[in-house]
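> Build me a model:
(one chain, ligands or ions: 1)
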Amino acid sequence: MPLVPARQILDEARKGGYGVGAYNVNNMEQIQAIMDAAQKTQSPVIIQASRGALQYTNFVYLKHLMMAAVEDNPDIPISVHLDHGNNLESVKKAIDLGFTSVMIDGSLMEDGKTVASYEYNVNVTKEVVEYAHQFGVSVEGELGTLGGIEDGVGSGEVHLTEPDQAVEFMAETGVDFLALAIGTSHGAYKFQETPTLAMDIITDVRQRMPEVALVMHGSSSVPQELVAEVNRYGGALKKAMGVPIESIQEAIKRGISKINVDTDGRLVVTGTIRRIFAEKPEEFDPRKYLGPAREALSELIASKMRDFGTAGHARDYDPLSLEDMKAFYGV
Ligand SMILES: [Zn+2]
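Numbers count the residues shown, from 1 in each chain. As a prediction, this is how the structure comes out:
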């Protein structure tokens with residue numbers, strides 16, 4: 001199976017009433033863990049790279065790791081997605097690398113920190129949609145801002161999405177799917193207690209735009225046992241709470257199709273490596289701690305694929321090509 005446009009994966013998820021996780025990747029072990037989990041659970045999957053990940057891997061290494069995932073898993077629908085593109089340049093670079101999906105986050109200015117005006121968001125998103133659709137590449141936009149900062153992205157200010165504006169934004173930009181701000185937050189230190197999310201926003205937007213797939217960022221659950229494991233073996237993470245899995249399932253029921261998860265993977269990898277360093281201080285073969293970390297990450301992601309309802313949907317449909325998508329967009 002070639003790379004699949006995210007638009008198809010998410011439209012199928014929307015129609016099927018399940019969620020698809022978008023998991024961040026930076027290195028080989030993470031990609032292998034995600035693909036192992038997708039195989040085990042027979043799940044379609046979105047692997048996504050932040051601008052930080054692309055820089056860390058000097059672009060070309062990540063590109064080939066992603067393509068290796070496709071070659072090694074011909075029976076799984078995989079979309080390769082740019083997370084939080086900040087301008088047309090970053091989107092162009094991702095499309096040149098072979099990504100089948102990009103996000104343009106026009107809710108923030110190019111610095112990824114300053115909250116942008118609605119007009120700015122519409123203009124930059126429209127520009128990206130026009131460019132990306134020429135190649136059949138799917139586009140995610142964002143309206144409203146999340147709390148928290150991750151990979152240098154985030155203003156720290158929360159502005160919830162206004163459903164009226166979401167309808168207007170979709171009409172003006174033509175994005176394929178839309179990230180809503182419903183009170184989640186990027187990074188590990190999301191909340192001090194279980195958050196109350198503005199679930200009504202999802203229901204409201206879904207009712208007004210039943211055909212549009214919706215996205216939830218900052219959706220790690222920050223399981224307390226993972227935080228405890230890191231701290232038990234010498235870590236110093238502060239008290240942190242994420243979005244409980246029940247809330248994510250509720251959000252999926254109300255209309256969320258794409259769920260972004262990064263922090264939980266970081267936690268399980270760190271906890272596993274710390275435990276092995278503590279228990280086997282004589283070990284110095286990186287495979288002996290990166291291997292178990294990869295396995296633990298795969299377990300974690302497989303459980304998310306089951307919880308989100310993605311499991312078992314890998315063979316539901318024949319993949320569309322980017323050429324098919326060009327015809328769909330009429331370009
Ligand atoms: Zn995000």
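> ok, what's across the strand from Val215?
Ala179, Lys258 (DSSP bridges).
> For Ala327, identify the helix or strand it belongs to.
Using DSSP states H and E, Ala327 falls within helix 322-329.
> which other residues reach that helix?
Applying CB atoms under 8 Å, 6 or more residues apart in numbering, the external contacts of helix 322-329 come out as 5, 7-8, 100, 133-138, 320. Quick note: C-beta positions are derived from backbone N, CA and C, even for glycine.
> buried set for that helix?
By 16 or more other CB atoms under 10 Å, the buried positions in helix 322-329 come out as 322, 325, 329.
> quick check: mean pLDDT across that helix?
What helix 322-329 shows for mean pLDDT is 97.
> Stretch 52-60 now?
Mean pLDDT, stretch 52-60: 95.
> And the strands in the chain, which stretches?
Using DSSP state E, the strands of the chain run over 20-24, 45-50, 78-85, 101-104, 138-143, 177-180, 213-216, 256-261.
> Burial-wise, tell me which of those comes out on top.
Using mean count of other CB atoms under 10 Å, the stretch among the strands of the chain with the largest mean neighbour count is strand 101-104, at a mean of 30.
> List of residues touching that strand?
Applying CB under 8 Å, 6+ apart, the set of residues contacting strand 101-104 is 5-7, 46, 48, 79-88, 91, 94-95, 124-125, 128-129, 132, 137-142, 175, 179.
> so how far is that strand from its chain's centroid?
Computed by CA atoms, centre = their mean, to the nearest Å, the separation of strand 101-104 from the middle of its chain amounts to 11 Å.
> Paired strands for that strand, with orientation please.
Here strand 101-104 has these sheet partners by DSSP bridges: strand 78-85 (parallel), strand 138-143 (parallel).
> C-alpha coordinates for the first one, PDB please?
Once non-C-alpha atoms are left out, strand 78-85 reads as follows in PDB (Å, rounded to 0.1, in the frame of the first residue of the first chain):
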ATOM      1  CA  ILE A  78      -0.300   5.100   6.600                       C
ATOM      2  CA  SER A  79      -0.400   8.800   6.300                       C
ATOM      3  CA  VAL A  80       2.700  10.900   6.800                       C
ATOM      4  CA  HIS A  81       1.700  14.300   8.300                       C
ATOM      5  CA  LEU A  82       3.500  17.600   9.100                       C
ATOM      6  CA  ASP A  83       2.500  18.700  12.600                       C
ATOM      7  CA  HIS A  84       2.200  22.500  13.200                       C
ATOM      8  CA  GLY A  85       3.500  23.800   9.900                       C
END
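> what's the average pLDDT for it?
On average, strand 78-85 scores 96.
> what does the shortest one give?
Along strand 138-143, the predicted confidence averages to a pLDDT of 97.
> Name the residues that touch it?
Outside strand 138-143, the residues that touch it by CB under 8 Å, 6+ apart are 5-7, 10, 79, 81, 100-107, 121, 125, 128-129, 132-133, 161-162, 165-166, 169, 173, 175-181, 215, 217, 258, 325.
> how about a cut-off of 6 Å?
Residues from elsewhere that reach strand 138-143 (CB atoms under 6 Å, 6 or more residues apart in numbering): 5-7, 101-103, 105, 107, 125, 128-129, 132, 161, 166, 169, 173, 175-179.
> State the number of residues packed around Gly112.
Neighbours of Gly112 under the rule other CB atoms under 10 Å: 20.
> Output the strands of the chain as TSV; include the columns distance to Asp151.
Below are those laid out as TSV (distance: least, CB to CB, whole Å):
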stretch	distance to Asp151
strand 20-24	8
strand 45-50	5
strand 78-85	8
strand 101-104	13
strand 138-143	15
strand 177-180	15
strand 213-216	17
strand 256-261	12
